[in-house]
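*Asks:* Just to be clear, the model below is a prediction. Sequence and coordinates:
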Amino acid sequence: NAGVTQTPKFQVLKTGQSMTLQCAQDMNHEYMSWYRQDPGMGLRLIHYSVGAGITDQGEVPNGYNVSRSTTEDFPLRLLSAAPSQTSVYFCASSYGRGGLSGELFFGEGSRLTVL
Amino acid sequence: AQSVTQLDSHVSVSEGTPVLLRCNYSSSYSPSLFWYVQHPNKGLQLLLKYTSAATLVKGINGFEAEFKKSETSFHLTKPSAHMSDAAEYFCVVSDGYQKVTFGTGTKLQVIP
């Protein structure tokens, strides 16, 4: 059982480039989410999804897009990378169609540097 | 609206001495509260959770936390620190539906 898998683990981009961070889970969780972690700021929610075809914005959505075509996958797209998007990104999932109903299961993170 | 405040950004203890990591919360609902641990270059792992059952919650690796509604606190404790406890700890509040709020984290240093 792989849990939550994120790829890539490391990425360096130039300002203005686009890329997609991949997230897949094999626990049949309805709820999936993306966070960014910056020093001294904890984790901040970017986007979340409560099921296939349903997404919503979190606390810091600007500059990011998401889609949820399947239960398993929840990719995060950076449209035009900026240095302010240098961060560690975490994907997390949880059971429950109605949203978060318990423990969040995290991937190991994707470290992104934008030059 | 909900929020969570971790009162110490860094805590340093000697191995074998007690650990206390402090967390205060604010919530308009009956919240669910969690503590997560993050070891260097790793994802977050659940230590324990409170979901309106017993107010004293026991977690993994000897950690426990007590929910005190009157003080709006959910402090994390461990009787005796181990070197492997050195990590960053996050207090988290959830409305049980969609909104999850993380604290800014407390880095625990364990001195041999």
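*Replies:* Sure, I can see it.

*Asks:* Show the pLDDT at residue A:101.
*Replies:* We have a pLDDT of 60 for residue A:101.

*Asks:* can you check residue B:25 too?
*Replies:* The predicted structure scores residue B:25 at 95 on the pLDDT scale.

*Asks:* Kindly report the same for residue B:43.
*Replies:* At residue B:43, the model reports a pLDDT of 88.

*Asks:* how about the closest residue to it other than its chain neighbours, what does it touch?
*Replies:* Spatial nearest neighbour of residue B:43, chain neighbours left out: residue A:106 (3.7 Å); criterion: Cβ to Cβ, 6 or more residues apart in numbering or on different chains. No exception for glycine: its C-beta is placed from N, CA and C like everyone else's. When the contact criterion is Cβ atoms under 8 Å, 6 or more residues apart in numbering or on different chains, the partners of residue A:106 are A:4, A:90-92, B:43-45.

*Asks:* What residues does chain A have near chain B?
*Replies:* Taking Cβ under 8 Å from any Cβ of the partner chain as the criterion, chain A approaches chain B at residues A:4, A:33, A:35, A:40-45, A:48, A:50, A:56, A:90, A:92, A:98-104, A:106-109.

*Asks:* Now intersect these with the strands, please.
*Replies:* When DSSP state E defines the strands, the subset of the residues of chain A next to chain B inside them is A:4, A:33, A:35, A:43-45, A:48, A:50, A:56, A:90, A:92, A:106.

*Asks:* can I get the residues you listed in TSV with distance to residue B:18?
*Replies:* Compiled in TSV, these are given as follows (distance: Cβ to Cβ, whole Å):
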residue	distance to residue B:18
A:4	33
A:33	34
A:35	31
A:43	27
A:44	31
A:45	33
A:48	37
A:50	40
A:56	42
A:90	30
A:92	30
A:106	28
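
*Asks:* among these, which ones are buried?
*Replies:* With neighbours counted by 16 or more other Cβ atoms under 10 Å in any protein chain shown, these contain buried members at A:4, A:33, A:35, A:43-45, A:48, A:50, A:90, A:92, A:106.

*Asks:* Relative to residue B:93, how far out is the residue positioned nearest the centre of chain A?
*Replies:* For chain A, the residue sitting closest to the mean C-alpha position, by Cα atoms, centre = their mean, is residue A:34 at 2.7 Å. Per Cβ to Cβ, to the nearest Å, residue A:34 is found 19 Å from residue B:93.

*Asks:* Could you list the residues in contact with stretch B:38-46?
*Replies:* Residues outside stretch B:38-46 that contact it (Cβ under 8 Å, 6+ apart) are A:4, A:43, A:90, A:92, A:103-104, A:106-109, B:34-37, B:59, B:87-90, B:105.

*Asks:* got the residues of chain B near chain A?
*Replies:* Selection of chain B residues close to chain A by Cβ under 8 Å from any Cβ yields B:9, B:32, B:34, B:36, B:41-46, B:49, B:51, B:90, B:92, B:94, B:96-100, B:102-105.

*Asks:* and residue A:35, what are its bridge partners?
*Replies:* Beta-bridge pairing of residue A:35, defined through DSSP bridges, involves residue A:45, residue A:90.

*Asks:* Let me know the pLDDT of residue A:97.
*Replies:* According to the per-residue confidence, residue A:97 scores 55 in pLDDT.

*Asks:* Which residue ranges of chain B form strands?
*Replies:* B:2-6, B:10-14, B:19-21, B:23-27, B:32-38, B:44-50, B:56-58, B:64-68, B:73-78, B:87-94, B:100-102, B:106-111.

*Asks:* Redo those strands as a markdown table? Include mean neighbour count and distance to residue A:23.
*Replies:* Compiled in a markdown table, the strands of chain B are given as follows (neighbours: other Cβ atoms under 10 Å in any protein chain shown; distance: least, Cβ to Cβ, whole Å):
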| stretch | mean neighbour count | distance to residue A:23 |
| --- | --- | --- |
| strand B:2-6 | 17 | 25 |
| strand B:10-14 | 14 | 31 |
| strand B:19-21 | 18 | 29 |
| strand B:23-27 | 18 | 28 |
| strand B:32-38 | 23 | 18 |
| strand B:44-50 | 20 | 15 |
| strand B:56-58 | 13 | 29 |
| strand B:64-68 | 18 | 29 |
| strand B:73-78 | 20 | 28 |
| strand B:87-94 | 24 | 19 |
| strand B:100-102 | 24 | 16 |
| strand B:106-111 | 17 | 26 |
